[in-house]
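Q: Got a sequence here, can you model it:
(4 chains)
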Number of protein chains: 2
Amino acid sequence: MIYSSELIKGTLKTIVLKMLEDNRKMYGYEITQKVKELTKDRIQLTEGALYPTLHALENDGLLTTETEYIGKRMRKYYSLSPSGKGKAKERVSELADFMETMKLLLDIQIKPA
Amino acid sequence: MIYSSELIKGTLKTIVLKMLEDNRKMYGYEITQKVKELTKDRIQLTEGALYPTLHALENDGLLTTETEYIGKRMRKYYSLSPSGKGKAKERVSELADFMETMKLLLDIQIKPA
DNA sequence: AAATATACATAAGATTCCAATGCATCCAAA
DNA sequence: TTTGGATGCATTGGAATCTTATGTATATTT
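A: Just a heads-up that it's a prediction; the model follows:
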């Protein structure tokens, strides 16, 4: 199943924050690949959505960056700042709560973990 | 907890379709109240979002309408068309699947129903 | 040698939602 | 009895978010 793009809306920031919470330090392309892998190809982040989001999170002080070169190719690593760590927890828990609510609202049966 | 509005994005159409699937015939204001009630005030649909959505669904042939007057006050009832019924099931099941995926991605523990 | 993958980024446009506003009716309380 | 709150429709302007397309460049695989 491929999700209609509408569903992804509003969750991208949360996904990015969570990936960085789990992995400490990642670069953009790596995030797209990790998400693709973890979701078995169901969610494929587009670069046009991802990079602006990373920049916005950085602008908000939630991410810090460091640039590395692999050969001549640039890699821009992103990490959670202290406030980013707080924000990550906040966002994930908010989404979890929202999903609980949607489950009730839509009569959706969710398999236990 | 009040959800940051971003989360609602992408789910509004699904919510509306589901409400009409369960209730056969509803008017706009009734939908906002029902959703508010079912979610214990956590989701409050705004009119600026709801009405354009209802019109869009109607335009897509998923909803039919009938107007009634209660005294002098107009009421516009919305119902699922045959294709709307199919779409409702499709959307809800897509959202359920998406939530499963997000659960895995974000390590969220969901309580069993 | 060419195609694919890696890796960054921006721009134009569509979609979607919110906040604000407007109109009108009905009902309850002051 | 009149005033405020709830009911009920709707639109508009603007913000936010994502997609598609494009651009640049290097590395790897075929």
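Q: Give me the mean pLDDT for stretch A:46-64.
A: Averaging pLDDT along stretch A:46-64 gives 95.
Q: ok, now stretch A:80-100?
A: Here the average pLDDT along stretch A:80-100 is 92.
Q: ok, is that stretch in contact with DNA strand D or not?
A: No - contact of stretch A:80-100 with DNA strand D (Cβ under 7 Å from any atom of the strand) is absent, the minimum separation being 11.2 Å. Every C-beta, even on glycine, is put in place using the N, C-alpha and C of the backbone.
Q: What helix or strand is the residue in chain A that DNA strand D sits nearest to located in?
A: Closest to DNA strand D within chain A is residue A:48: 2.0 Å, counting by Cβ to the nearest atom of the strand. Per DSSP states H and E: residue A:48 is located in helix A:47-59.
Q: Residue A:75: how many residues sit nearby?
A: Residue A:75: 14 surrounding residues under other Cβ atoms under 10 Å in any protein chain shown.
Q: Equivalent analysis for residue A:44, please.
A: 13.
Q: Residue A:34 is in contact with that one, correct?
A: No - using Cβ atoms under 8 Å, residue A:44 is not in contact with residue A:34, being 11.5 Å away.
Q: Quick check: residues of chain A near DNA strand D?
A: Going by Cβ under 7 Å from any atom of the strand, the residues of chain A near DNA strand D are A:5, A:8-13, A:45-49, A:52-53, A:56, A:70-73.
Q: Among those residues, name the buried ones.
A: In the residues of chain A next to DNA strand D, burial by neighbour count holds for A:8, A:10, A:11, A:12, A:13, A:45, A:53, counting by 16 or more other Cβ atoms under 10 Å in any protein chain shown.
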